[in-house]
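Asks: All I have is the shape, not the residue letters:
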């Protein structure tokens with residue numbers, strides 16, 4: 001354009017060429033500017049696809065009684081802890097009333113606080129003692145099948161949950177070399193359980209409900225930091241599993257990090273402490289430790305619901321547990337929970353399970369008739385001094401079916417919207 005402007009003798013043509021030159025130059029500059037701005041905005045293109053996977057890895061399932069203190073040893077332990085803390089009557093204790101006043105229903109408030117107190121003390125006991133508080137696997141689990149094949153109940157892995165006590169894990173987690181897989185869908189080909197919760201009619205159970213608690217989680221995650229399902233006694237529950245895998249782009253595209261699998265991947269003491277657990281890193285677990293760190297700072301002892309830090313002892317008396325409750329409120333109010341995010345990076349890659357649930361009454365009358373004549377049920381009912389009848393059986397039985405509803409998962413991935421080579 002410039003040579004044409006210089007050598008052309010007609011003014012009109014010179015002007016036309018000049019206008020063309022200015023217009024094209026302006027458009028070129030605008031395009032370059034727009035590309036640079038778009039590139040440094042770090043926009044992404046999100047793609048959601050359905051991937052088929054058969055066979056697929058079956059998740060870990062933890063099976064717990066809602067009430068951890070159901071055997072004679074557990075009831076005796078509850079009584080001993082209460083007496084040691086100056087509590088002779090749970091529902092009429094001035095100490096519990098002062099610790100957690102609730103005029104509308106003080107009796108239930110006292111039971112709630114007493115359960116936290118006893119559970120915290122139990123968490124500090126050794127494994128041998130903890131096992132005596134609740135039922136063994138064979139006492140708790142009446143039947144267990146996977147893909148219509150009986151499971152050796154004694155092969156389930158025991159662990160003690162800070163809220164639910166004795167729990168039994170199927171398809172053990174991260175370090176297992178014998179992970180279960182399934183290629184079939186529907187409840188017939190999942191994990192099928194018949195559980196007997198058998199909660200004694202005794203105030204020392206500190207029971208506010210009766211039934212089972214089930215955790216379903218990836219084998220690489222800790223069950224103690226996973227949300228689960230309460231299933232009431234006399235209920236049959238169907239839990240259908242759906243899986244979603246997400247793979248985001250790391251910084252600067254998102255506020256997340258790749259390769260969070262080594263202690264030197266991120267510079268944070270809380271991050272390194274989370275890695276030590278042996279489970280796959282999750283920001284959620286790190287945030288729990290950050291919250292625990294705050295409790296230890298405020299109260300001088302640890303909340304028994306989370307792993308402890310720096311060998312801190314658990315809070316074991318009324319005063320220190322009340323401190324934990326107050327510390328939680330201030331933790332949220334003053335924004336300390338938000339500060340934790342700078343020490344706990346978000347992972348870019350994750351695998352999440354979601355669930356569809358349905359419930360019905362169980363067991364039916366025909367199955368109750370069969371159960372009333374079994375040696376197992378007669379032994380279970382006599383153990384807790386219950387009369388063997390329809391109502392007591394129904395108030396003790398829980399049925400659970402855990403299965404994949406489909407042999408596919410949702411895969412969410414990201415690519416950069418702009419690259420140095422143009423649109424991706």
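Replies: Here it is on my side, so go on. Fair warning: this is a prediction, and the values are worked out from it, not measured in the lab. Numbering: from 1, shown residues only.

Asks: and residue 59, how many neighbours does it have?
Replies: When neighbours are defined as other CB atoms under 10 Å, residue 59 has 24 of them. All C-beta spots, glycine's among them, are computed from the backbone N, C-alpha and C.

Asks: And residue 357, by the same measure?
Replies: Quick note: residue 357 (other CB under 10 Å) scores 10 neighbours.

Asks: And for the one 5 residues further on?
Replies: Per other CB under 10 Å, the neighbour tally for residue 362 reads 19.

Asks: Okay, it and residue 215: tell me how far apart.
Replies: Computed as CB to CB, to the nearest Å, the residue 362 to residue 215 distance reads 20 Å.

Asks: next one: residue 71
Replies: 22 Å.

Asks: same check, this time on residue 29
Replies: Following CB to CB, the distance that separates residue 29 from residue 215 is 59 Å.

Asks: quick one, which of the two is more surrounded?
Replies: residue 215 (23 against 10).

Asks: beta partners for that one?
Replies: As for beta bridges, residue 215 partners with residue 62 under DSSP bridges.

Asks: State the distance from it to residue 303.
Replies: 19 Å.

Asks: Repeat that for residue 149.
Replies: Taking CB to CB, one finds residue 149 at 41 Å from residue 303.

Asks: out of the two, which sits in the more crowded spot?
Replies: residue 303 (28 against 8).

Asks: shaky segments in the stretch 151-300 of the chain?
Replies: Across the stretch 151-300 of the chain, residues meeting the criterion (pLDDT under 70) sit at 173-178.

Asks: just the strands in it please.
Replies: Applying DSSP state E, counting those that start in this stretch to the stretch 151-300 of the chain gives strands spanning 157-161, 165-170, 181-182, 191-196, 211-217, 229-232, 235-247.

Asks: and those as JSON lines, adding distance to residue 353?
Replies: Output for those, formatted as JSON lines (distance: least, CB to CB, whole Å):
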{"stretch": "strand 157-161", "distance to residue 353": "19"}
{"stretch": "strand 165-170", "distance to residue 353": "15"}
{"stretch": "strand 181-182", "distance to residue 353": "14"}
{"stretch": "strand 191-196", "distance to residue 353": "14"}
{"stretch": "strand 211-217", "distance to residue 353": "6"}
{"stretch": "strand 229-232", "distance to residue 353": "12"}
{"stretch": "strand 235-247", "distance to residue 353": "6"}
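
Asks: Out of the ones you listed, flag the one nearest residue 56.
Replies: strand 181-182 (6.4 Å; CB to CB).

Asks: So which residues make contact with that closest one?
Replies: 55-58, 147, 189-190, 404 (CB atoms under 8 Å, 6 or more residues apart in numbering).

Asks: still on that earlier bit, would you mind telling me which of the strands of the stretch 151-300 of the chain is nearest residue 101?
Replies: strand 229-232 (26.6 Å).

Asks: Spatially nearest residue to residue 344 (excluding sequence neighbours)?
Replies: residue 286 (3.4 Å; CB to CB, 6 or more residues apart in numbering).

Asks: State the number of residues packed around that neighbour.
Replies: 27.

Asks: so where do the helices sit in the stretch 1-150 of the chain?
Replies: 2-7, 11-40, 72-84, 94-99, 106-123, 127-131, 137-140 (DSSP state H, counting those that start in this stretch).

Asks: Tell me if I'm right that residue 221 and residue 280 touch.
Replies: Yes. At 6.5 Å, residue 221 counts as touching residue 280 under the criterion of CB atoms under 8 Å.

Asks: Who has more neighbours out of those two?
Replies: Neighbours were counted for residue 221 and for residue 280 using other CB under 10 Å; residue 221 has more, 23 against 20.

Asks: Just list the residues touching that one, thanks.
Replies: 60, 173, 279-280, 282.

Asks: what's the closest non-adjacent residue to residue 58?
Replies: Residue 58 sits nearest to residue 180 (CB to CB, 6+ apart), 4.3 Å away.

Asks: OK, contacts around the one you found?
Replies: 57-58, 146, 170-171.

Asks: okay, now residue 169: neighbour count?
Replies: Count around residue 169 with other CB under 10 Å applied: 20.

Asks: Residues in a beta bridge with it, which ones?
Replies: Applying DSSP bridges, one finds that residue 169 bridges with residue 62, residue 157.

Asks: just checking, it touches residue 62?
Replies: Yes. Under the criterion of CB under 8 Å, residue 169 makes contact with residue 62 at 4.9 Å.

Asks: quick one, which of the strands of the stretch 151-300 of the chain is nearest to residue 274?
Replies: strand 211-217 (16.2 Å).
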